[in-house]
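# Here you go, sequence then predicted model.
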Amino acid sequence: MTTLATGPDTLTRDALAVLQPGFDGTTAPDWVRRRLGEGLASVALFGRNVVTEEQVTALTGALRAERDDLLVAIDEESGDVTRLDVRTGSSFPGNHALGAVDDPALTRSVARELGRRLAACGVNFDWAPSADVNANPDNPVIGVRAFGADTALVARHTGAWVEGLQSTGVAACTKHFPGHGDTNVDSHHAVPRIDVDADTLYARELPPFRAAIAAGTRAVMSAHILVPALDPDRPGTLSRRVLTELLREELGYRGLIVTDGMEMRAISGTYGLEHGVVLAIAAGADAICVGGGLCDEATVLNLRDALVGAVRSGELPEERLADAAGRVRELARWTASTREAASAAAPEPEIGLIAARRALTVTRPGPATPVTGPVYVAQLNPAPNIAVGDRTPWGPADELARLVPGSTGGSFGGGDAGREALAAADGRRIVAVVRDEHRHDWMGAALDTLLAARPDTVVVEMGVPQAPPRGTPHIATHGAARVCGVAAAEAVVAG
């Protein structure tokens, strides 16, 4: 083994370089500025850091005053998982809607416009797209974040999305390797387990990642999932078999490998945050995502010191840490060299709404029944998962109130939701808005109540349309982005 001629300062800089921390606030904290001068090469933005695009632009500009080639990462999938539009709902439909249209050129255009907007705000690294195949309809965390349940469809749209985004100089980060679609546990809470044989994994889960690699994805994000067919002992993020032997050696991937959020309980609750970070770098990860929950200077310093200590104790080879840091800096150089690509991209501000309209499907059990007066929008709210969060508004209520003045609505949940919504409607025609009806028995029961009392109830499904369509009519948007709500409201009015 070659001994690197490096001193403590280089080792410390390498340890900081592999971290991608979040922070609190909408301006650049002093501690982040200081650490950028000491080797920190990346920061991550979350919904808590975003007020307006102008504010984000000022924030990233202040950070780049400290380090010009800084990687500014964001978890912007569009659709249900949005940070840039966290306060309004996304201007772009998510993956499931794009998969429902199945026009890779449209997917490429949507991702290109998203990339143009991100780049204009100074964001150059997007933890997207999701390349997961939604093989399990009860999956609590993927769902509409996937292009669909068909491997070939997911593969062609993953490649198109990567190409569109990266044409603007924003690096794509394809996730969640080796595939999070066939899980029934949210890795924010515990370690999901996928019990499929290796042949199924290779045939079903890996082709979208192969497509992303062929499209030139600059990064791949690991999943905190246990796949015994690959590694019976450690989840993907901590598995050398998954990250080094499979992703690097078998699939031939040469770009950056970044972890999913290390504060998620699947890792921090099992291995501890500091030890988990050391294990991830040793397994082959190059960058550590941390900070979906609040991340402060003390956390960053603890992780830096854990990595430095692991090298000095011999637990983590110094060459592995240096290689990881080198890949981070290489990606930073790429983003700095491609800034002009964003300004060359022609704006397509309406492409998101165009895509949402194309994704919408309407099922009518009988003749069209146009809306002739104000309606009551009964939104049946499931508990949001952590990836989506609870800060982003969704549903067609606001747009319906604009299109049909006098329309109002309310949110309902639990066993009495149907009766409560029926009483609140007070005789008005009901638009019942659901999200993944097939996953929530109480939601199905609420629809039973509404449809029994008011057969003319319109049903708008804004999740995965897995349950049999019912309603007059049944409208499937394939996602809950703001533009999906606009398209749904238009369809409701059209009858």
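In hand now; what should we look at? Numbering: from 1, shown residues only.

# only C-alpha atoms for contact and neighbour calcs from this point on.
Fine.

# In which helix or strand does Val220 reside?
Assigned by DSSP states H and E, Val220 belongs to strand 219-222.

# can you check Val362 too?
Element membership for Val362 (DSSP H and E) is strand 361-363.

# helices or strands up against that strand?
strand 474-476 (3 or more Cα pairs under 8 Å, 6 or more residues apart in numbering; DSSP states H and E).

# list the contacts for Gly389?
Val81 (Cα atoms under 8 Å, 6 or more residues apart in numbering).

# now Ile194
So Ile194 contacts 182-183, 225-228 (Cα under 8 Å, 6+ apart).

# let's go with 6 Å and repeat that
Val227 (Cα atoms under 6 Å, 6 or more residues apart in numbering).

# Check the gap between it and Thr88 for me.
As defined by Cα to Cα, to the nearest Å, Ile194 lies at a distance of 35 Å from Thr88.

# coming back round to it: pull up the pairing partners for the strand holding Val220, direction included.
Note on strand 219-222: by DSSP bridges, its sheet partners are strand 171-177 (parallel), strand 256-258 (parallel).

# what's the next helix or strand after it in contact with?
Later in the chain than strand 219-222, the nearest helix or strand by DSSP H and E is helix 240. Applying Cα under 6 Å, 6+ apart, the contact partners of helix 240 are Ala283.

# How far away from the center of its chain is helix 240?
On the basis of Cα atoms, centre = their mean, to the nearest Å, helix 240 sits 25 Å off its chain's mean C-alpha point.

# just stretch 469-484 next, same as before
The answer for stretch 469-484 is 21 Å, by Cα atoms, centre = their mean.

# Span of it from start to end?
For stretch 469-484, the end-to-end distance is 18 Å (Cα to Cα).

# For that stretch, what does the pLDDT average out to?
Averaged across stretch 469-484, pLDDT comes to 97.

# buried ones in that stretch?
By 16 or more other Cα atoms under 10 Å, the buried positions in stretch 469-484 come out as 469-484.

# can I assume Val86 sits in a helix?
No - assessed with DSSP: H, G, I helix; E, B strand; the rest coil, Val86 is coil; it does not lie in a helix.

# Look at it and say how many residues are nearby.
For Val86, the neighbour count with other Cα atoms under 10 Å is 25.

# Local confidence estimate at it?
For Val86, pLDDT reads 94.

# Now do the same contact list for it.
Val86 sits next to 47, 392 when contact means Cα under 6 Å, 6+ apart.

# could you redo the last one with a cut-off of 8 Å?
Val86 touches 47, 50, 391-392, counting by Cα under 8 Å, 6+ apart.

# Select from those every entry located in strands.
Using DSSP state E, no member of the contacts of Val86 sits in strands.

# want to throw the residues you listed into CSV with neighbour count, pLDDT and distance to Thr335?
Converted to CSV, those look like this (neighbours: other Cα atoms under 10 Å; pLDDT from 0 to 100; distance: Cα to Cα, whole Å):
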residue, neighbour count, pLDDT, distance to Thr335
Gly47, 20, 92, 23
Val50, 21, 96, 22
Arg391, 14, 83, 30
Thr392, 20, 92, 29
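
# Of those, which is the nearest to Glu77?
Gly47 (12.6 Å; Cα to Cα).

# gap between the closest one and Asp390?
For Gly47 relative to Asp390 (Cα to Cα), the value is 11 Å.

# CA atoms of the strand holding Val220 as PDB?
Extracted C-alpha coordinates of strand 219-222, given in PDB (Å, rounded to 0.1, in the frame of the first residue of the first chain):
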ATOM      1  CA  ALA A 219     -23.500  11.200  -9.000                       C
ATOM      2  CA  VAL A 220     -25.400   8.200  -7.600                       C
ATOM      3  CA  MET A 221     -27.000   8.200  -4.100                       C
ATOM      4  CA  SER A 222     -26.900   5.100  -2.000                       C
END
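
# Tell me how many other residues surround Leu307.
By other Cα under 10 Å, neighbour count at Leu307 equals 29.

# Was I right to think it contacts Ala15?
Yes - judged on Cα atoms under 8 Å, Leu307 makes contact with Ala15 at a distance of 6.0 Å.

# Which elements pack onto the lowest-mean-pLDDT helix or strand in the chain?
Lowest mean confidence among the helices and strands of the chain (mean pLDDT, DSSP states H and E): helix 339-344, at a mean of 78. The helices and strands touching helix 339-344, judged by 3+ Cα pairs under 8 Å, 6+ apart, are helix 104-120.

# In contact with Ala421, which residues?
Neighbouring residues of Ala421 by Cα under 8 Å, 6+ apart: 378, 410, 412, 450.

# Now His157: closest residue in space, sequence neighbours ignored.
Closest residue to His157 apart from its sequence neighbours, by Cα to Cα, 6 or more residues apart in numbering: Pro104 at 5.6 Å.

# Good, we can wrap up now.
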